[in-house]
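Novice: Give me the fold of what follows.
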Amino acid sequence: MIISFWMQAAVTSPDASRYIFKNESILPFSPFYVKVGVYNNRGEGPFGPVTTIYSAEEEPSRAPNKVRAKSLSASEVEISWKPLPWSTSKRRIVGYELSYWAKGQKQDTANVMRTVGNRTVEIIRGLEPSSTYYIILRAYNSAGAGPDSSVVNVTTKRPPPSRAPTKVTWNATSTKIILKWDQVKALENESDVMGYKVIYKQSRHNRQSVVETNRTSLELALPVHEEYIIQIKAVSEGGEGRSSTLITIPRIAGLSVATAQISILSVLITQLLCCTARTLS
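Specialist: Residues are numbered from 1 along each chain as shown. Next up is the predicted model:
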């Protein structure tokens, strides 16, 4: 059975907004129930709602383990780890702190980024291609950061192709647009081309659509009564390459009109043939 009792302290300054309670026997991260009221020479006023606060905690005592690093592209790597217990009687985990530095640099020049919450995956962006990075991880809370994990290293992928798709040609019918382009060849120090990404939108709208293909041609089932803007990029494990020049495919209203005229003409010819057959009979 836990017996709790209230202690009371008076703060004599009417402008005061904080109070420090000192007791050397208080354990780290101990919960306290607190409520604040007002008083004057005529007596006490009402108290506010009860709030739970904690005494100062200790920094985490354990390092994260099973830290893994995986290259995602020429500029991104993914870091994952096994989480530590979220809280104990003396300490808790607020998040994790990652430090990373490139090969040839010193650890004290490392970049630092922090996560919030008990997540176990983070992506580091903005890295240099074909470069090796070293990474350490530690948990932190309001008292500070805990011990470092073991160092892991990862090498980013080669950069994406620097050449853009060229000689892009197009043809259109009333229901589709047919695109063709020359194959992009990566340079020796670049990632091999895995396919292509075709990005298109109606010129009157901002929303884009994306289609991926591993060929150098593509048919888009699009009605051509709208104007379209299209660009093409090579895709590699290092990321997306340079975009082709923007291709504008104008609205082709004549196709739908011509189709309608042909349909009407077919009906007239059929009717004329029927009339001729009756006359002959």
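Novice: P159 reaches D192, doesn't it?
Specialist: No. Using C-beta atoms under 8 Å, P159 is not in contact with D192, being 11.7 Å away. (Glycine included, C-beta is placed from N, CA and C.)
Novice: give me the number of residues near I232?
Specialist: Neighbour count for I232, taken as other C-beta atoms under 10 Å: 25.
Novice: where does the chain dip in pLDDT?
Specialist: Scanning the chain for pLDDT under 70 picks out 1-4, 87-90, 252-281.
Novice: which residues in it form helices?
Specialist: With DSSP state H, the ranges of helices along the chain come out as 253-280.
Novice: Could you list the domains of it?
Specialist: 65-155, 174-253 (automatic domain parsing).
Novice: P64 and K82, how far apart?
Specialist: P64 sits 7 Å away from K82, going by C-beta to C-beta, to the nearest Å.
Novice: Neighbour count for these two, which is higher?
Specialist: Of the pair P64 and K82, P64 is the one with more neighbours under other C-beta under 10 Å, namely 24 against 10.
Novice: I figured that one hits Y96, correct?
Specialist: Yes. Assessed by C-beta under 8 Å, P64 is found in contact with Y96 at 6.5 Å.
Novice: shared neighbours of those two, anything?
Specialist: Listed as contacting both P64 and Y96 by C-beta atoms under 8 Å, 6 or more residues apart in numbering are W81, L137, R138, A139.
Novice: Out of those, name the ones that lie in strands.
Specialist: W81, L137, R138, A139 (DSSP state E).
Novice: Let me see the contact set for the spatially most central residue of the chain.
Specialist: For the chain, the residue sitting closest to the mean C-alpha position, by C-alpha atoms, centre = their mean, is I123 at 8.7 Å. By C-beta under 8 Å, 6+ apart, the residues touching I123 are L72, E76, V77, E78, I79.
Novice: can we see that at 7 Å?
Specialist: L72, E76, E78 (C-beta atoms under 7 Å, 6 or more residues apart in numbering).
Novice: who wins for neighbours among those?
Specialist: L72 (18 neighbours).
Novice: need the strands for the stretch 1-150 of the chain, in chain order.
Specialist: Secondary structure of the stretch 1-150 of the chain by DSSP state E, counting those that start in this stretch: the strands cover 31-34, 37-40, 43-47, 51-54, 65-71, 77-82, 95-102, 111-114, 121-124, 132-141, 144-145.
Novice: so what does the first one touch, helix or strand wise?
Specialist: For strand 31-34, the helices and strands in contact under the criterion 3 or more C-beta pairs under 7 Å, 6 or more residues apart in numbering; DSSP states H and E are strand 51-54.
Novice: Contacts for the strand it packs on, please.
Specialist: For strand 51-54, contacts defined as C-beta under 7 Å, 6+ apart pick out F29, S30, P31, F32, Y33, V34.
Novice: May I see these organised as JSON lines, with neighbour count added?
Specialist: Below are the contacts of strand 51-54 laid out as JSON lines (neighbours: other C-beta atoms under 10 Å):
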{"residue": "F29", "neighbour count": "19"}
{"residue": "S30", "neighbour count": "15"}
{"residue": "P31", "neighbour count": "8"}
{"residue": "F32", "neighbour count": "13"}
{"residue": "Y33", "neighbour count": "10"}
{"residue": "V34", "neighbour count": "13"}
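Novice: Any chance of those residues in TSV with distance to W170 as columns?
Specialist: Formatted as TSV, these follow (distance: C-beta to C-beta, whole Å):
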residue	distance to W170
F29	66
S30	72
P31	69
F32	72
Y33	72
V34	71
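Novice: so which of the residues you listed comes closest to Y200?
Specialist: Set against Y200, the nearest of the contacts of strand 51-54 by C-beta to C-beta is F29 (56.4 Å).
Novice: Go ahead and confirm the closest one touches I93.
Specialist: No. Between F29 and I93 there is no contact under C-beta atoms under 7 Å: 11.7 Å.
Novice: quick one on the thing from earlier: possible to save the strands of the stretch 1-150 of the chain as a markdown table with distance to V152?
Specialist: Shown next, in a markdown table, are the strands of the stretch 1-150 of the chain (distance: least, C-beta to C-beta, whole Å):
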| stretch | distance to V152 |
| --- | --- |
| strand 31-34 | 37 |
| strand 37-40 | 54 |
| strand 43-47 | 52 |
| strand 51-54 | 33 |
| strand 65-71 | 5 |
| strand 77-82 | 8 |
| strand 95-102 | 10 |
| strand 111-114 | 15 |
| strand 121-124 | 12 |
| strand 132-141 | 5 |
| strand 144-145 | 18 |
